[in-house]
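J.: Model the structure of this input:
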Amino acid sequence: TLTELVVPALFACIVSHPYMQCVCGPENKKMNALDLGPLHSEILALTESVIQDLDIIIGPNVTQESSSFNKSLW
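T.: This is a model prediction of the structure:
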């Protein structure tokens with residue numbers, strides 16, 4: 001269905017791409033898995049917020065910055 005196609009696309013825009021920018025960015029060459037704890041906590045908090053209120057990512061007042069966990073453009 002259309003929903004089954006939209007959900008992975010939204011997840012990619014909201015979580016996956018910003019996550020990869022944070023982890024694989026040039027400023028993080030010396031980052032290891034132990035340094036990613038706070039980042040994973042942010043993703044978990046965003047996920048829990050979306051479960052509670054879906055308007056965070058698809059509401060009428062949402063922006064690219066407000067819906068991404070690291071507050072950057074998609």
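
J.: Show residues contacting the longest helix belonging to the chain.
T.: When the chain is parsed with DSSP state H, its longest helix is helix 37-52. With C-beta atoms under 8 Å, 6 or more residues apart in numbering as the test, helix 37-52 has contacts from 14-15, 19, 22-23, 56-57, 69-70. Any C-beta I mention is one placed from the backbone N, CA and C, and that applies to glycine too.

J.: Please state the offset of stretch 19-30 from the chain centre?
T.: Relative to the centre of its chain, stretch 19-30 is centred 14 Å away, using C-alpha atoms, centre = their mean, to the nearest Å.

J.: That one: end-to-end distance?
T.: Start to finish, the residues bounding stretch 19-30 are 16 Å apart (C-alpha to C-alpha, to the nearest Å).

J.: next one: stretch 46-58
T.: Note: stretch 46-58 ends 14 Å apart using C-alpha to C-alpha.
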